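J.: Please work out how this folds:
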Amino acid sequence: MLNNIQNLRALAAYAVVAYHCLIRFLHPADPLGRSYLDLPSGGVDLFFVISGFVMVHTTRDDETSTWFVTKRIARIVPLYWLATCVVIALAAIRPWLFSQAALTPDAILASLFFVPHADASGQAYPILGVGWTLNYEMMFYAMFAISLMLRRGYRLPGVVALISLVWLAANLAVTNLPDQSLIANFYSNPILFEFAAGCVLAHALRHPAVIAWVRANSVWPFALAGLAGFATLPAIIPLGQPSILRYGLPACLLVFAASAQDLYRARAPETVPTRLGDASYSAYLLHPIIIVIASQVVLTFLGTSIAAELILMAIVLGATAIASIASMRFFEKPTAEWIRAVAGRVVPTGRSR
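T.: Numbering: from 1, shown residues only. Next up, the predicted model:
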């Protein structure tokens, strides 16, 4: 396990949790304040770069596309479907809890099967709002699975080319279709290239020259540059620009430093953030539900003051940490292992080359 990467996962997940708490009660009037309020949302960009890196790093050379897809479904789908069903139930009982959720049959099916669709406000969000990132993830997994059909030396250019093709086709559709399809708009976002960047980093860290350089030189300046990028770019690049311009490069620098340190220098010890990073998927999916439930309790008794909102944030962060670890241990991993075990009896896992 690359503990530094797990630490970055924890940082990304809890930055997003903090962001969703902060935007409830902070509404700065000045553009710079709004820009920095958006900063924790850069955790999503960090997640995407990590995802690209991890897919290359953990996928065997002889792995079949079918087995890769099976593993991804086992990892992603059960908890997402469970969390989505919880939101559907809560929204049906108390509609104001998730007022933007569209509970029509087509919206439910689109949410469950990772198809971008419009919510009640017309935005491209599934019923569980944070699931919008999984629509990008599943598109990337599909492109990555196709690239596994190629010979090893062609896989990296293959997945980059496929991602580029999706992005280009989406942009052409947005330009040429009069109704500007919501799906085309969704996949025209250059955030897709953050997955490609993660793949490139993983391949670069297999190159002998890069390995030799990392072993001979400290990589902390890359981490420092990444943190500096996150601290300064929001002041330079205004809101409204693609997030890849604000957070993409800093995310790449952090992922490079973290993975290079673990792979070829002194591996980071396992700590509490490491365990939180291991449970980051559960944290990401469950925290919107925790926010809604906790806010009903806390704000009922303490009102809507800033102090009450800060208390709510502390409760949400703590409850998310506890719930995510429990979810990872008792549901997420056992379910994924069971699906892989069942599927492994009929799905070929690898092939000789």
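J.: Determine the number of other residues adjacent to residue 307.
T.: Neighbours of residue 307 under the rule other C-beta atoms under 10 Å: 9. From N, CA and C alone the C-beta is placed, and that goes for glycine too.
J.: Check which helix or strand it maps to.
T.: helix 306-327 (DSSP states H and E).
J.: Other residues contacting that helix?
T.: Contacts of helix 306-327 with the rest of the structure, by C-beta atoms under 8 Å, 6 or more residues apart in numbering, involve 13-14, 17-18, 21-22, 24-25, 79, 275-276, 279-280, 282-283, 286-287, 290-291, 294-295, 298-299, 302.
J.: Tell me the buried residues within the residues you listed.
T.: Burial by neighbour count, judged by 16 or more other C-beta atoms under 10 Å, picks out 13-14, 17-18, 21-22, 79, 275-276, 279-280, 282-283, 286-287, 290-291, 294-295, 298-299 from the contacts of helix 306-327.
J.: Let me know the secondary structure of residue 149.
T.: coil (DSSP: H, G, I helix; E, B strand; the rest coil).
J.: Run a quick neighbour tally on it.
T.: 11.
J.: gap between residue 56 and residue 147?
T.: Computed with C-beta to C-beta, to the nearest Å, the distance linking residue 56 and residue 147 is 10 Å.
J.: neighbour-wise, which of those two wins?
T.: Neighbours per residue, other C-beta under 10 Å: of residue 56 and residue 147, the larger number sits with residue 147, 24 against 20.
J.: just checking, the more buried one touches residue 155?
T.: Yes: Residue 147 is within contact range of residue 155, at 4.7 Å (criterion: C-beta atoms under 8 Å).
J.: dump the residue contacts of the nearest residue to residue 203 once chain neighbours are set aside.
T.: Computed as C-beta to C-beta, 6 or more residues apart in numbering, the closest residue to residue 203 that is not its neighbour in sequence is residue 156, at 5.0 Å. Applying C-beta under 8 Å, 6+ apart to residue 156 gives the contacts 56, 147, 199, 200, 203.
J.: so how many other residues sit close to residue 343?
T.: 17.
J.: Phi first, then psi, for it.
T.: phi -70, psi -30 (degrees, to the nearest 10).
J.: any idea how far the nearest residue to it once chain neighbours are set aside lies from residue 141?
T.: Nearest in space to residue 343, with sequence neighbours left out and distances taken as C-beta to C-beta, 6+ apart, is residue 70 at 4.7 Å. The gap separating residue 70 from residue 141 is 11 Å, by C-beta to C-beta.
J.: got it, and residue 294?
T.: Residue 294 is 32 Å from residue 141, by C-beta to C-beta.
J.: Mind naming the longest helix for the protein?
T.: As assigned by DSSP state H, the longest helix anywhere in the chain is helix 65-93.
J.: what's the distance between residue 243 and residue 234?
T.: 10 Å.
J.: Please disregard the earlier target; I meant residue 117.
T.: For residue 117 relative to residue 234 (C-beta to C-beta), the value is 30 Å.
J.: now do residue 131
T.: Applying C-beta to C-beta to residue 131 and residue 234 gives a distance of 25 Å.
J.: for residue 250, what are its contacts?
T.: Taking C-beta under 8 Å, 6+ apart, one finds 42, 225, 226, 227, 228, 229, 230, 233 in contact with residue 250.
J.: Return the subset of these lying in helices.
T.: Using DSSP H, the contacts of residue 250 in helices are 42, 225, 226, 227, 228, 229, 230, 233.
J.: And the third one, how far from residue 258?
T.: For residue 226, the distance to residue 258 under the criterion C-beta to C-beta works out to 9 Å.
J.: per-residue confidence for the closest residue in space to residue 118 that isn't next to it in sequence?
T.: Of all residues not flanking residue 118 in the chain, residue 182 sits nearest, at 5.8 Å (C-beta to C-beta, 6+ apart). You'll see residue 182 listed with a pLDDT of 91.
J.: Lovely, talk soon.
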